Structure formats: structure tokens, C-alpha cells
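# No letters, just coordinates:
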């Protein structure tokens, strides 16, 4: 009897350990990371203009409207960990970027900013790999812009981790050409509505999430015609988005209203030069 009871105890303990391991694995494998660039992605920086880049550097209210609410929706819906990854030098820009995130009411996250002694050519790729190795997510949402090399950094990390589901979005802040063309699987955007809609169609977000974002910002976006270059805005006057197209393959299931897609199409067609 004692032997049988002992074996029963061992069996129960083993089953409990297996159950705990299964739950732990499920939790780890279900983790989502939202990793976002800052300049020209959520901050109006105009980094391709030396004059504007300098004048905008310490502005802490220069935000692309709607991006903070989009990120909050993603964070809340997916319980995502948020990282703001930037090549800006830490010793020079840490304070202003921290204030920008606070002033823009962006969801809480970790500011991953480049130490001045680390080369900008390696920092993003290196830090991306470290974050993924540390957190072991099964889904990663990457958001950047086509002003520098976010498309290449993001494509590189996708190739390194083929078992992870990547959703990569590149803001069309500048015209697309051979130097900044999208890689396979990457989607361009000029509004947060497009990201929310694509994530809904990929069954990452709910339809209601996309509609909630539109309720918050669509009317204001449609009424924005006087384009500026500083402060809180949707489209800066310097933006050139030729080559960007709203995803047309999935219009049947899209949450985007026709007036929105029409405005985006006209805007980017007019910005060929």
C-alpha cells in the first residue's frame, strides 16, 4: 500500500509539473512585441532635411496623430510589450524622446536608444535581436519609416527568426525608390487606420479595434487640409508618398471607408516629385 501511495504521489507531482510547464510554454509562446521607430514614424522629424531635422530634434510635441491610440489598442488587445527603438544618440536625445512619448500619451514602454559610442549601422539590428532573444515572442509587430533603413533592419530580423509571425509596417514618409523599397511581406502606410485595418484582416486585431480608431480620428484626418510641419498632425507638408498604395487585395473585408482610401490615393499620386 505504501508503495502504491508513493507511486500515486509521484504521478500527481509529475502531472502537475507537466501542466505547469505547458502553461508556462503557452504563455511564452503567446507573447507579442510591438517595436516602433520614433523619428518620422511617430515623431514628425523630416530627417532627410538637415535643417528640419535639427530644428525638430528637441520638439516634444511633434507627433503623428493617431499613432498613440493605435499603439494603445494593440497593447491592450494583445497584452503586448512595447519598445521604442531609435538610432538617436542617447546622450543627446534621451530627454526629448522621453518627453515626446509622455506628451503624446503613448502607451508605457521601454525607450531603446543608441549609446553614442555604438554605431548607428549596427545598433538597431543588434538590439532587435537581443529583444527577441530575451522575450521569445511568437508575434512581433514592427513599425518604422522609409527615411533610412528600417525596411532592411526589419527584413533582416524576420529572416533570422522564420518561426516568428512578423507584421511589418513602413511609413511612406518619402517617395519609394530602389533605396527604400519594401521587402516581401512588408506593408507601407501613411495613416494609423491602414495598420489597424491590416492587422484586423490578418486576424491579429478585432474589427471593433479598427472602427474605434476611426471613431477617434477619421473625422479630424478627413478635415486636415492645411498641412504644417510641426506640432500634432496627420500629414506634414513635406511628406512625399509616391509608390504607396492602400492594400487592394483585401478590399472586400476592409474596414476603411472609400473616402479615406480616395484621399490617400490622391495624396500620394500628387506627390510623385
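Now that the structure is in, tell me what you want to look at. Small disclaimer: the values here were computed from a predicted structure and weren't measured. Residues are numbered from 1 along each chain as shown.

# where exactly do the helices run in the stretch 1-150 of the chain?
2-29, 50-56, 67-78, 90-103, 123-135, 150-160 (DSSP state H, counting those that start in this stretch).

# From the contact counts, what lies against the fifth one?
For helix 123-135, the elements it packs on are strand 32-36, strand 81-89, strand 110-114, helix 150-160, judged by 3 or more CB pairs under 8 Å, 6 or more residues apart in numbering; DSSP states H and E. (C-beta placed from N, C-alpha, C; glycine too.)

# worst average pLDDT in the helices of the stretch 1-150 of the chain?
In terms of average pLDDT, helix 2-29 trails the rest of the helices of the stretch 1-150 of the chain, at a mean of 41.

# helices and strands around the helix or strand hosting residue 265, which ones?
Following DSSP states H and E, one finds residue 265 within helix 258-270. Counting contacts by 3+ CB pairs under 8 Å, 6+ apart, helix 258-270 packs against helix 207-223.

# returning to that earlier point: adding mean neighbour count, write the helices and strands packed on helix 123-135 out as JSON lines.
Output for the helices and strands packed on helix 123-135, formatted as JSON lines (neighbours: other CB atoms under 10 Å):
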{"stretch": "strand 32-36", "mean neighbour count": "24"}
{"stretch": "strand 81-89", "mean neighbour count": "21"}
{"stretch": "strand 110-114", "mean neighbour count": "19"}
{"stretch": "helix 150-160", "mean neighbour count": "19"}
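
# Tell me which residues of the helix holding residue 265 come out buried.
The neighbour-count check on helix 258-270 (16 or more other CB atoms under 10 Å) flags 260, 261, 263, 264, 267, 268 as buried.

# And stretch 212-231, by the same measure?
Under 16+ other CB under 10 Å, the buried positions of stretch 212-231 are 212, 213, 214, 216, 217, 218, 221, 229.

# same question, stretch 182-199
For stretch 182-199, using 16+ other CB under 10 Å, the buried residues are 182, 186-199.

# Measure how buried residue 202 is and give me the count.
12 (other CB atoms under 10 Å).

# no no, residue 136
Neighbour tally, residue 136, other CB under 10 Å: 12.

# I'd assumed residue 33 was in contact with it.
No. Taking contacts as CB atoms under 8 Å, residue 136 lies outside contact range of residue 33: 9.8 Å.

# okay, the most centrally placed residue in the chain: pLDDT?
Closest residue to the average C-alpha location of the chain: residue 143 at 2.8 Å, with CA atoms, centre = their mean. We have a pLDDT of 98 for residue 143.

# mind listing what residue 146 touches?
Residues near residue 146 by CB atoms under 8 Å, 6 or more residues apart in numbering: 170, 171, 172, 173, 174, 176, 180, 188.

# In a markdown table, list those along with secondary structure, distance to residue 131 and pLDDT.
Shown next, in a markdown table, are those (DSSP: H, G, I helix; E, B strand; the rest coil; distance: CB to CB, whole Å; pLDDT from 0 to 100):
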| residue | secondary structure | distance to residue 131 | pLDDT |
| --- | --- | --- | --- |
| 170 | strand | 19 | 98 |
| 171 | strand | 21 | 98 |
| 172 | coil | 25 | 97 |
| 173 | coil | 24 | 96 |
| 174 | coil | 27 | 96 |
| 176 | coil | 27 | 95 |
| 180 | coil | 23 | 92 |
| 188 | strand | 23 | 97 |
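
# From the residues you listed, pick the one nearest residue 132.
The closest of the contacts of residue 146 to residue 132 turns out to be residue 170 (CB to CB; 18.8 Å).

# For that closest one, give the beta-bridge partners.
Here residue 170 sits in beta bridges with residue 144, residue 188, going by DSSP bridges.

# could I get the contacts of residue 146 as a markdown table with distance to residue 130?
Formatted as a markdown table, those follow (distance: CB to CB, whole Å):
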| residue | distance to residue 130 |
| --- | --- |
| 170 | 22 |
| 171 | 24 |
| 172 | 28 |
| 173 | 27 |
| 174 | 29 |
| 176 | 30 |
| 180 | 25 |
| 188 | 27 |
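
# With that, I have no additional questions.
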